[in-house]
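Participant: build me a model:
(one chain, ligands or ions: 2)
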Amino acid sequence: MDDLEMLKKQADTIRFLCADMVQRANSGHPGAPMGLADIITVLSRHLRHNPKNPKWLDRDRLVFSGGHASSLIYSFLHLSGYDISLDDLKNFRQLGSKTPGHPEYGEVPGVEITTGPLGQGVANAVGFAMAEKLAEKKLNSETAKIIDHKVYALCGDGDLEEGISYEACALAGHLVLDNLVMFYDCNHITIEGSTNLAWSENVKMRLEAAGWQVSRIDGHDYEEINEVLLNAKEQVKPYLIIADTIIGKDAVGLEGTSATHGAPLGEEVIRKSKAA
Ligand SMILES: Cc1ncc(C[n+]2csc(CCOP(=O)(O)OP(=O)(O)O)c2C)c(N)n1
Ligand SMILES: [Mg+2]
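Facilitator: Ligands and ions are numbered 1, 2, ... in the order given. Sure, this is the predicted structure:
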């Protein structure tokens, strides 16, 4: 793995690009992107894709179910070399921009699917994984492995609360989709506060019952994230990675609170946080 300093620098860059984008637009969701910055940074070392050819047939697919965390996607695509410029990031959430409030398929290079309605992206990821299996069967032969990619998905508390994710995950388990890797951004916060206001089920037991392999990691520990992604290369079932994260990670005075879910952090907090 790259040295930890470099990973931290990349993650911090993503974290504060996202905070700045939301601040400039004066609307958006900085919390989840800041909490997921470490995961996307390590994931970027595993993803097989070509930013200069976003339509390469056998690329890994990356599905962000929580479309509200779109600043994360745009900053990741920008830093990876996709056709999204710094000016595009500055135009976050402006009408007609390449960086709309929720990611839109066809409008943004590198965005695989339009997401926003919670849970829907989980079902989309299952669909992508099914499509990969079908294409494998149709196109691969003994001598030519044309299709051999993974589907990586990121989802949050809200996605797993939604009924549609239950149905889709049950189908993924039934079909033994061993090409699907899903990170669950387990930050215990949704729009209105703690998840325990409305939800207390055991996600690990639920997904295991549906036929998934489930691991739990610290979503801010680069070694653990890397290790679990290496394990996923040997997966024999759909793989859920429950990542314990802190929403709004490193937002001074606000991290861990629902205040970071869907509002700008404020110039003062951003200034202090960058300094820290
Ligand atoms: C079906 C649906 N219902 C409601 C919303 C509005 N909404 C957007 S984000 C959100 C909370 C999501 O919580 P979580 O997934 O935990 O994201 P986090 O707060 O951790 O960023 C809600 C209710 C939505 N996008 N889709
Ligand atoms: Mg959450």
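Participant: which stretches in this structure count as strands?
Facilitator: 61-64, 151-156, 180-186, 189-190, 193-194, 213-218, 239-244 (DSSP state E).
Participant: including mean pLDDT, distance to ligand 1 and mean neighbour count, could these go into JSON lines?
Facilitator: All C-beta spots, glycine's among them, are computed from the backbone N, C-alpha and C. Shown next, in JSON lines, are those (pLDDT from 0 to 100; distance: least, Cβ to the nearest ligand atom, whole Å; neighbours: other Cβ atoms under 10 Å):
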{"stretch": "strand 61-64", "mean pLDDT": "98", "distance to ligand 1": "11", "mean neighbour count": "25"}
{"stretch": "strand 151-156", "mean pLDDT": "98", "distance to ligand 1": "3", "mean neighbour count": "27"}
{"stretch": "strand 180-186", "mean pLDDT": "98", "distance to ligand 1": "6", "mean neighbour count": "27"}
{"stretch": "strand 189-190", "mean pLDDT": "98", "distance to ligand 1": "3", "mean neighbour count": "23"}
{"stretch": "strand 193-194", "mean pLDDT": "96", "distance to ligand 1": "10", "mean neighbour count": "14"}
{"stretch": "strand 213-218", "mean pLDDT": "98", "distance to ligand 1": "16", "mean neighbour count": "17"}
{"stretch": "strand 239-244", "mean pLDDT": "98", "distance to ligand 1": "12", "mean neighbour count": "24"}
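Participant: which one of those strands lies closest to L171?
Facilitator: strand 180-186 (10.8 Å; Cβ to Cβ).
Participant: one step back: can I get the strands of the chain in a markdown table including distance to P51?
Facilitator: As requested, the strands of the chain are exported to a markdown table (distance: least, Cβ to Cβ, whole Å):
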| stretch | distance to P51 |
| --- | --- |
| strand 61-64 | 12 |
| strand 151-156 | 16 |
| strand 180-186 | 20 |
| strand 189-190 | 32 |
| strand 193-194 | 38 |
| strand 213-218 | 27 |
| strand 239-244 | 24 |
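Participant: Q94 against R24, yeah?
Facilitator: No: using Cβ atoms under 8 Å, Q94 makes no contact with R24, being 9.7 Å away.
Participant: need the helices for the stretch 51-200 of the chain, in chain order.
Facilitator: According to DSSP state H, counting those that start in this stretch, the stretch 51-200 of the chain carries its helices in the segments 70-80, 86-90, 120-139, 157-161, 163-174.
Participant: TSV for the ones you listed, including distance to ligand 1 and mean pLDDT?
Facilitator: Below are the helices of the stretch 51-200 of the chain laid out as TSV (distance: least, Cβ to the nearest ligand atom, whole Å; pLDDT from 0 to 100):
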stretch	distance to ligand 1	mean pLDDT
helix 70-80	10	98
helix 86-90	19	98
helix 120-139	7	98
helix 157-161	3	98
helix 163-174	8	98
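Participant: among the ones you listed, which is nearest K237?
Facilitator: Nearest of those to K237, taken as Cβ to Cβ: helix 163-174 at 7.1 Å.
Participant: what inclination does that closest one have with respect to strand 239-244?
Facilitator: 130 degrees (axes from the mean of the first three to the mean of the last three Cα atoms, to 10 degrees).
Participant: determine the longest helix present in this structure.
Facilitator: helix 4-25 (DSSP state H).
Participant: so who does the residue in the stretch 151-276 of the chain that ligand 2 sits nearest to touch?
Facilitator: Nearest to ligand 2 in the stretch 151-276 of the chain, going by Cβ to the ion, is D157, at a distance of 3.7 Å. By Cβ atoms under 8 Å, 6 or more residues apart in numbering, the contact list for D157 reads D185, C186, N187, H188, I189, T190, T195, W199.
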